[in-house]
Every structure is written in structure tokens, then in C-alpha cells.
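Visitor: when you get a sec, could you give me coordinates for this:
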Amino acid sequence: MDMLRREIKNGARFVIYAYNISLLGIMLHRISPAIFVPAGNKEKTLRTKYNLLCSLFGWWSIPGLTKTIANIRCNNKGGVDVTEDVMLNLSEADLHNGLVNLQETHMLYAEPDRDDLKAFKKVFQHYHSTHPNIKECIVGLCLTIEPEEAHKALAVGLVVNGSFDHNIDSIELDLYKQFFRHVAFEFVDLTESSENAVFLRKQGTQIF
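Guide: Sure thing, here's the model as predicted:
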């Protein structure tokens, strides 16, 4: 464990890679195990396997093509860094067994895909110019929320002068002009010291 902590302090990390497989028109979204990447490793050979799975089997469904492109783009950027989550839960026994149970997590949000970011920017460019009381917007793909009826959940973090809840209804209506109804939104007040606000600032993507 001491050796591992020194490696991480020097720049090593644990990452996961995304891939998707389409079977009979149904897309299955999967992630790799957490992979240890030593400091200075270019990691190209590590992500190649998952990009190849996407390229060969990912696009044979209606949502598959878009998801394949998004997953390959995410992997090529270095995957998703889960070092904090692994180290938070890892014990000596886990280290020897090569298996860790993630009972606590630090990774709550990831970068939305390109189409989602375009939609967010289209909505909030209007709000930024017409609603001066909205001072900041950060968005993210929720990794820890699995809504029963939603295809995915997206977080919208805002800094608002005045009542936070008063602005949400109109913003949500405008968001659904750009997003399908199977998308769920989680609104986060970035002025609060809640876990969601702290991690969305750290892991999300700033719109303005």
C-alpha cells in the first residue's frame, strides 16, 4: 500500500474505459475494470481493446453509433480517472486479491457527450444574455443516479442571485425543448457546500 501511494503521488492513476456492444438492435453500455496506469504511460495499448470492441460491435443499433463515438472519444482522452474512489476503498487484502468493493465513491459526475454539451450551450447562451441573475452554470453526466424511467441523468449546477427554485421550472422547460423526455435533470445549487455542489465543480464542465 505504501508503494502504491508513492506511485500515485508521482502521477500514477487508476482509470476505467467505456465500451458498448449492440445485440439484436439493443445497446449494452459497459465499463472496464479499474486499470492501474503508471506515471508517464501513454496508455494507448490499454484503451485499444475497448475502442476495438466499440468499433466492431457498438454501432449495430439506433443509439449505438452516437454512443460508440462518445465512448471512443472519452477513452482517447484518457478514460475516467477513478483513483480517489479506488484508494478510498482499497485494503491490503484487496490489493493482494486484485478486487476492491467500491462502497464509497468520489466520482459522481463525468463530462457529458458532445451533443449534450451543444444542447446545454444552446439553452444557456440565451439565459446568460436574458437572465443576468444566473451567474454561473456547470453541467455533468450523473454517474451515481440510475433513475427508473430515465435513459440518463444530467446535473445542472447554477449560481443564481435570488431564489434558486424560482428559476428551475422555466429552465427545465427550455431544456426539454433540446433534450428527449427520457433524460432526467438534477439541479444543484453551486453556492451550497453539499457533496453534489463540491464534486460537480470539480468534475463537471463549465458552460459559462
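Visitor: now the helix or strand containing residue 171: buried residues?
Guide: For residue 171, the host element (DSSP states H and E) is helix 164-175. Residues 164, 167, 168, 171, 175 are the ones in helix 164-175 that count as buried (16 or more other C-beta atoms under 10 Å). Just so you know, the C-beta spots here come from the backbone N, C-alpha and C atoms, and that holds for glycine as well.
Visitor: which residues does whichever helix or strand comes after it contact?
Guide: Using DSSP H and E, the helix or strand that follows helix 164-175 in sequence is strand 183-189. The contact list for strand 183-189 (C-beta atoms under 8 Å, 6 or more residues apart in numbering) reads 142, 145, 147, 150-160, 164, 168, 171-172, 175, 194, 196-197, 200.
Visitor: let's go with 6 Å and repeat that
Guide: 142, 147, 150, 152-157, 164, 168, 196-197, 200 (C-beta atoms under 6 Å, 6 or more residues apart in numbering).
Visitor: among these, name the ones in strands.
Guide: 142, 152, 153, 154, 155, 156, 157 (DSSP state E).
Visitor: in the sheet, who's paired with the last one?
Guide: Per DSSP bridges, residues listed as beta-bridge partners of residue 157: residue 138, residue 188.
Visitor: that one: neighbouring residues, count only.
Guide: Close neighbours of residue 157, defined as other C-beta atoms under 10 Å, add up to 25.
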